[in-house]
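K.L.:
need a structure here:
(one chain, ligands or ions: 1)
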Amino acid sequence: MRNIPEHFQINSQGHLEVSGCDTIELARKFGTPLYVLDETRIRQNCRDYVAGLAEGYPDTQVCYAGKAFLCRAICCLMQQEGLGLDVVSGGELFTALKAGFPPEDIYFHGNNKSRQELEFALQSGVGCLVIDGLHEVELLAGLTRATGTEKRQRVLLRLAPGVEPHTHVYTQTGQEDSKFGLAINGGQALAGVKAVLNSPHLELTGFHVHIGSQILDLASYGVTAGILARFLAEVRAETGFTAKVLNLGGGLGIRYTRDDKLLPVREAAGRIGQMVREVFSPLDYPWPKLVLEPGRSIVGDAGVTLYTIGNIKTIPGIRKYVMVDGGMPDNPRVALYQAVYEAVIANKAGRPAKEAVTVAGKTCESGDILIRDIPLAVPESGDILAVFSTGAYTYSMASNYNRLPRPAVVLVANGQGDLIVARETYEQIVANDLVPPRLCAEEPREAAEG
Ligand code: LLP
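P.N.:
Predicted structure coming up:
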């Protein structure tokens with residue numbers, strides 16, 4: 001049985017290959033650790049989403065959730081594929097605008113957007129703000145009044161539908177006990193609707209929910225759609241407002257290991273569309289436009305991280321540690337969510353797995369373990385380890401812990417690899433450091449104190 005995902009190949013040298021690029025060549029050319037993203041796969045995922053959702057439901061839009069991985073090149077790619085963009089901070093918005101992404105196709109999210117971020121969004125002409133909380137309704141109403149323009153800002157209201165999908169508790173977001181959204185139960189959401197409708201500078205177009213991430217059981221989407229449909233009817237009865245947009249967020253899971261059972265993207269998107277359609281079919285309610293904003297399932301399985309194996313430590317009768325030149329700083333998901341990854345030795349990809357080893361990172365943390373007990377071909381110092389399905393929430397969550405520079409990101413397609421994020425340099429690591437004069441060695445201590 002192949003121990004590599006279907007869109008990877010093994011070339012005549014026995015090396016792991018992705019979209020026509022030899023990963024060993026990539027490691028040699030760009031250094032390690034290295035994030036490699038398969039452009040062909042990302043584009044295929046985008047197209048499968050767009051086509052699948054449209055097969056299931058009549059009026060649809062797919063937006064890419066930039067938090068999974070964002071840089072200028074990815075914004076350009078998403079624009080080429082005709083996707084909208086979900087941003088969640090001033091920094092993500094800035095990135096998108098720098099890439100020339102059309103602001104009208106941007107949804108701006110966040111459970112605690114700052115005044116500056118809201119101002120930035122309004123000035124940039126962001127297509128839709130997703131309001132999360134009554135505080136923001138007030139803040140926005142004040143800001144839009146101050147701009148003095150006649151144009152009303154389009155907004156969605158984020159709801160907490162009270163759904164708990166089966167996923168890691170840190171990535172559940174739709175339950176009532178959550179910092180996100182206005183709870184439907186108890187009337188907060190309805191109060192939010194009334195507040196927005198009373199704001200002359202805001203135009204409510206519909207509602208948003210995001211129930212969680214790495215969801216493998218699609219039934220939660222159907223349950224959510226049902227709850228929303230009941231809420232829409234209640235809102236219309238109470239206020240006369242009819243929603244034009246229903247944004248069900250992201251959340252579709254990807255295959256991290258062979259044990260993860262899931263539908264291909266096209267079928268999954270189609271199924272979600274169909275479930276929403278089934279909910280609205282019997283109702284006397286105009287079908288709203290259905291928006292999905294996937295992140296992980298667009299870029300996740302397109303990514304592979306390459307590391308160089310250095311130190312190998314065998315503790316007889318206990319375990320063998322294989323240490324790589326990255327770890328927790330470039331992939332904090334293992335420590336945060338107990339995420340499990342699969343990997344192969346890229347320069348021995350054709351060889352059978354011989355022994356179970358533990359892959360450890362290089363930081364000063366015992367918990368910096370990337371993969372526990374994974375069967376690999378016999379590892380040697382200098383080998384390149386390829387960890388699969390690392391396209392989402394790795395670079396975007398990376399840190400400089402231990403002052404390790406963040407790795408580069410390479411986009412590969414049809415035998416060509418292009419840098420889309422350069423490797424951080426030591427100079428960049430110290431670039432924001434400032435040393436007050438009193439700490440400079442040449443300054444006498446008394447003078448500094450005096
Ligand atoms: N829309 C909203 C409002 C979100 O909060 C998220 C993710 C998405 C869309 C995209 O969800 P996706 O399709 O990627 O599941 N760091 C965690 C995941 C956090 C997800 C946060 N919100 C992880 O590495 O598993």
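
K.L.:
which residues touch residue 287?
P.N.:
The neighbours of residue 287, taking C-beta atoms under 8 Å, 6 or more residues apart in numbering as the test, are 57-59, 277, 280. C-beta here means a position set from N, CA and C on the backbone, and glycine is covered the same way.

K.L.:
most neighbours, which of those?
P.N.:
Going through the contacts of residue 287 with other C-beta atoms under 10 Å as the criterion, the one with the most neighbours is residue 57, at 24 neighbours.

K.L.:
check contacts around that one.
P.N.:
Taking C-beta under 8 Å, 6+ apart as the definition, contacts of residue 57 comprise 273-274, 276-277, 287, 290.

K.L.:
Mind doing that once more with 6 Å?
P.N.:
For residue 57, the contacting residues are 273, 276-277, 290, taking C-beta atoms under 6 Å, 6 or more residues apart in numbering as the criterion.

K.L.:
Quick check: residues of the chain near the ligand?
P.N.:
For the chain, the residues found near the ligand under the criterion C-beta under 6 Å from any ligand atom are 65, 67-68, 86, 109, 171, 210, 213-214, 249-252, 293-297, 333, 337, 392-393.

K.L.:
Count residues in the vicinity of the residue of the stretch 351-450 of the chain found nearest the ligand, would you?
P.N.:
Among all residues of the stretch 351-450 of the chain, residue 393 sits closest to the ligand, at 3.1 Å; criterion: C-beta to the nearest ligand atom. Using other C-beta under 10 Å, residue 393 has 25 neighbouring residues.

K.L.:
Take the contacts of residue 57 and keep only those in strands.
P.N.:
Using DSSP state E, the members of those that fall in strands are residue 290.

K.L.:
other SSEs contacting the helix ranked longest in the chain?
P.N.:
Here the longest helix in the chain is taken by residue count, with DSSP state H as the criterion, and it is helix 219-239. Counting contacts by 3 or more C-beta pairs under 6 Å, 6 or more residues apart in numbering; DSSP states H and E, helix 219-239 is packed against helix 265-280.

K.L.:
quick one: buried residues of the helix it packs on?
P.N.:
In terms of neighbour count (16 or more other C-beta atoms under 10 Å), helix 265-280 has its buried residues at 265-266, 268-276, 279-280.

K.L.:
Got the phi and psi for the closest residue to the ligand within the stretch 1-150 of the chain?
P.N.:
Per C-beta to the nearest ligand atom, the residue of the stretch 1-150 of the chain with the smallest distance to the ligand is residue 65, at 3.5 Å. The phi and psi values for residue 65, taken as degrees, to the nearest 10, are phi -80, psi 100.

K.L.:
ok, the closest residue to it other than its chain neighbours - contacts?
P.N.:
Using C-beta to C-beta, 6 or more residues apart in numbering and skipping the chain neighbours, the partner closest in space to residue 65 is residue 295 (3.2 Å). Counting by C-beta under 6 Å, 6+ apart, residue 295 makes contact with 65, 67-68, 250.

K.L.:
now, among the buried residues of helix 265-280, which is nearest to residue 376?
P.N.:
Of all the buried residues of helix 265-280, the one with the least separation from residue 376 (C-beta to C-beta) is residue 265, at 29.0 Å.

K.L.:
What strand or helix carries the closest residue to the closest one other than its chain neighbours?
P.N.:
Take residue 265 and drop its neighbours on the chain: the residue closest to it by C-beta to C-beta, 6+ apart is residue 48, 4.1 Å away. Assessed by DSSP states H and E, residue 48 sits inside helix 39-56.

K.L.:
Could you give me the buried positions within that helix?
P.N.:
Within helix 39-56, the residues that qualify as buried are 39, 41-50, 52-54, 56, counting by 16+ other C-beta under 10 Å.

K.L.:
which stretches of the stretch 351-450 of the chain have low pLDDT?
P.N.:
Within the stretch 351-450 of the chain, the ranges that satisfy pLDDT under 70 run 442-450.

K.L.:
Tell me how many other residues crowd residue 427.
P.N.:
Neighbour number of residue 427 under other C-beta under 10 Å is 8.

K.L.:
same thing with residue 184?
P.N.:
Neighbours of residue 184 under the rule other C-beta under 10 Å: 22.

K.L.:
Break down the stretch 151-300 of the chain into its helices, ranges please.
P.N.:
In the stretch 151-300 of the chain, helices defined by DSSP state H, counting those that start in this stretch lie at 188-197, 219-239, 265-280, 296-299, listed in chain order.

K.L.:
CSV for those helices, including mean pLDDT?
P.N.:
Putting the helices of the stretch 151-300 of the chain into CSV (pLDDT from 0 to 100) gives the following:
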stretch, mean pLDDT
helix 188-197, 96
helix 219-239, 96
helix 265-280, 98
helix 296-299, 98
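
K.L.:
For residue 115, find the nearest of these.
P.N.:
Closest approach to residue 115 among the helices of the stretch 151-300 of the chain (C-beta to C-beta): helix 188-197, 17.9 Å.

K.L.:
what packs against that closest one?
P.N.:
If contacts are counted by 3+ C-beta pairs under 6 Å, 6+ apart, helix 188-197 sits against strand 182-183.

K.L.:
could you give the mean pLDDT of the strand it packs on?
P.N.:
Along strand 182-183, the predicted confidence averages to a pLDDT of 95.

K.L.:
other SSEs contacting that strand?
P.N.:
Right, strand 182-183 is packed against helix 188-197 by 3+ C-beta pairs under 6 Å, 6+ apart.

K.L.:
redo that, cut-off 7 Å
P.N.:
The criterion is 3 or more C-beta pairs under 7 Å, 6 or more residues apart in numbering; DSSP states H and E, and the helices and strands that strand 182-183 contacts are strand 153-160, helix 188-197.

K.L.:
quick one on the thing from earlier: next step: the contacts of residue 295 restricted to strands.
P.N.:
The subset of those located in strands under the criterion DSSP E comprises residue 65.

K.L.:
Identify the farthest-apart pair in the contacts of residue 295.
P.N.:
For these, the farthest-apart pair by C-beta to C-beta is 67 and 250; their separation is 9.0 Å.
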